[in-house]
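[1] Generate a structure from the sequence data that follows.
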Amino acid sequence: MNRRYFNVIALGLSLFGSFVAQAKAQATLLVVGDSLSAEYGLKRGSGWVALMDKRLRDEGKAITVVNASISGDTTSGGLSRLPALLKQHQPKLVLIELGGNDALRGLPLKTSQDNLEAMVKAAQSQGAKVLLLGMQVPPNYGLQYAAEFSGMFAEVAKRHKAGLVPFFLKGVADTENADAMFQSDRIHPVEAAHPIMLGNVWPALRKLLP
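    Predicted coordinates:
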């Protein structure tokens, strides 16, 4: 074996070490949501989470996006799943998009708020920054309930100094042509709505990016 051979080996080890270091430096962004984030009724890769992943890569951000969203999930379901997700992925950022199904099922607001608070605290205790995606319910739920529901997200975010998107579906559910922005079930946004949803998330997310 000559010196040239050893130089090649050394170079290979150096490049491998650099690759490992870069891989370790890659931050993880964890999304814990429901069908609005799980691409319900959409072709794969067209939802707002996939669009966010692409935008992060286009901007050269060393961030791995893990979408752990499940259609039909509630704040209770998210809370039960979160410890294992935090342990597995060790995220630096956690986006919580839950609460809509709690309202649809008529679950107590106090329970939903307690669950959101527990999720935020669990993520922060692991060193992650948290972004809450706030939701609103239609007026037919009652003005008081609607106000308390939307205020729940702001209260949790303020109390725990988390990031907040006041209304995740702004420009989608509150427009004059809202029916055209939803699938036939009138619950899940169509593909054309997802860039708008990402547009609502992006300014708040950008403040938290490493």
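
[2] can you list the residues that contact stretch 201-209?
    Identification of contacts with stretch 201-209 by Cβ atoms under 8 Å, 6 or more residues apart in numbering yields 48, 52, 55, 61, 63, 93, 95, 129, 131, 133, 163-165, 168. Any C-beta I mention is one placed from the backbone N, CA and C, and that applies to glycine too.

[3] Could I get the buried residue list for it?
    Buried positions in stretch 201-209, judged by neighbour count with 16 or more other Cβ atoms under 10 Å: 201-202, 204-205, 208.

[4] Strands - which of the contacts of stretch 201-209 land there?
    Of the contacts of stretch 201-209, the ones assigned to strands by DSSP state E are 63, 93, 95, 129, 131, 133, 163-165.

[5] Give the buried subset of those as a PyMOL selection command.
    Filtering the ones in strands among the contacts of stretch 201-209 down to the buried ones (16+ other Cβ under 10 Å) takes a single PyMOL command:
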select buried, resi 63+93+95+129+131+133+163+164+165
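
[6] what mean pLDDT would you report for the longest strand along the chain?
    Identified as the longest strand of the chain according to DSSP E is strand 27-33. For strand 27-33, the mean pLDDT works out to 98.

[7] which ones are touching Ala122?
    Contact analysis of Ala122 by Cβ under 8 Å, 6+ apart lists 79, 82-83, 86.

[8] And Asn115, how far from Met152?
    In this structure, Asn115 and Met152 are 10 Å apart, going by Cβ to Cβ, to the nearest Å.

[9] tell me the pLDDT at Tyr141?
    At Tyr141, pLDDT is 89.

[10] burial of the closest residue to it other than its chain neighbours, as a residue count?
    Once flanking residues are discounted, Tyr141 sits nearest to Ala103: 6.9 Å by Cβ to Cβ, 6 or more residues apart in numbering. As a burial measure, Ala103 scores 20 neighbours (other Cβ atoms under 10 Å).

[11] The one 3 residues further on too?
    Summarising burial for Gly106: neighbours were counted as other Cβ under 10 Å, giving 8.

[12] quick one: secondary structure of it?
    At Gly106 the chain is in coil, as set by DSSP: H, G, I helix; E, B strand; the rest coil.

[13] State the distance from it to Val137.
    For Gly106, the distance to Val137 - Cβ to Cβ - is 11 Å.

[14] now Lys43
    Taking Cβ to Cβ, one finds Lys43 at 28 Å from Val137.

[15] for Asp34, same thing?
    When Cβ to Cβ is the yardstick, Asp34 and Val137 sit 14 Å from each other.

[16] and the two? which has more neighbours close in?
    Remark: of Asp34 and Val137, Asp34 carries more neighbours, 25 against 18, as counted by other Cβ under 10 Å.

[17] now the more buried one: how far from Gln136?
    On the measure of Cβ to Cβ, Asp34 and Gln136 end up 15 Å apart.

[18] what's the neighbour count on Thr64?
    Neighbours of Thr64 using other Cβ under 10 Å come to 17.

[19] Excluding chain neighbours, what is closest to it?
    In this structure, Thr64 finds its nearest non-sequential neighbour in Thr28, 4.9 Å apart by Cβ to Cβ, 6+ apart.
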